[in-house]
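Asker: I'll drop the sequence and a predicted model, then ask my questions.
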Amino acid sequence: MKKQFFTIIILSLFLTGCSLTPNSNNTNSSPTKNIVINKTNKLDLSSQNLSKVPDNTFKQTNLQELDISNNKLTGSLQAEIRHLQNLRVLNMSNNHLTGVPAEIGQLSKLEILDLSNNQLTGLPNELGNLKNLKTLNISGNNYSAQDLEVIKKRLASDVNIIK
């Protein structure tokens with residue numbers, strides 16, 4: 001009975017997008033003592049040599065933070081990013097991205113967007129839709145200054161833009 005209860009709990013957590021990781025500091029072998037629930041709803045896919053973000057990532061609609069930095073991503077992030085409506089932090093730094101999908105402009109809760117150190121030559125005007133944005137890091141790119149000016153006019157004046 002106890003084992004079934006824990007199986008149901010663990011399955012429920014996975015279905016809602018929570019991560020379960022072992023607690024390396026714990027020497028007790030009880031299954032409940034070795035589970036640490038990621039309450040911040042953060043997914044760290046950094047430094048995984050990814051050439052594409054796994055499609056199931058975009059089904060984790062409760063995510064608040066997504067780190068896909070330091071990979072081998074090229075082209076543009078998939079448009080399915082728009083499904084992550086609870087995202088507050090998106091770190092796409094240190095890849096080989098040449099574009100940013102316009103759909104990022106649909107992430108109304110986004111506060112921090114790190115696009116630094118990619119190969120971006122343009123920025124979508126839809127970045128101006130990010131009304132909760134506090135920090136936009138676009139350093140280390142060759143973006144169009146004209147694109148940035150259009151975006152800045154639509155963002156709050158206190159957004160920290162790191163060039």
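Answerer: Arrived safely, thanks for sending.

Asker: for the most centrally placed residue in the chain, what are its contacts?
Answerer: Most central in the chain under CA atoms, centre = their mean is residue 66, positioned 2.3 Å from the mean C-alpha point. By CB atoms under 8 Å, 6 or more residues apart in numbering, the contact list for residue 66 reads 42-43, 45, 57, 84, 87, 89-91. In this view, the C-beta of every residue, glycine as well, is placed from N, C-alpha and C.

Asker: does it lie in a helix or a strand, and which?
Answerer: strand 65-67 (DSSP states H and E).

Asker: strands paired with that strand, and their directions?
Answerer: Next to strand 65-67 in the sheet, as set by DSSP bridges, lie strand 42-44 (parallel), strand 89-91 (parallel).

Asker: with mean pLDDT and distance to residue 70 added, can I get those strands in a markdown table?
Answerer: Formatted as a markdown table, the strands paired with strand 65-67 follow (pLDDT from 0 to 100; distance: least, CB to CB, whole Å):
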| stretch | mean pLDDT | distance to residue 70 |
| --- | --- | --- |
| strand 42-44 | 98 | 11 |
| strand 89-91 | 98 | 9 |
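
Asker: looking at those, which is buried most?
Answerer: For these, ranked by mean neighbour count under the definition mean count of other CB atoms under 10 Å, the leader is strand 89-91 at a mean of 20.

Asker: now the very next helix or strand once past that one: buried residues?
Answerer: Toward the C-terminus, strand 89-91 is succeeded by strand 96-99 as the next helix or strand (DSSP H and E). By 16 or more other CB atoms under 10 Å, the buried positions in strand 96-99 come out as 97-99.

Asker: please parse this protein into its domains.
Answerer: Domain segmentation of the chain under automatic domain parsing yields 1-38, 40-162.
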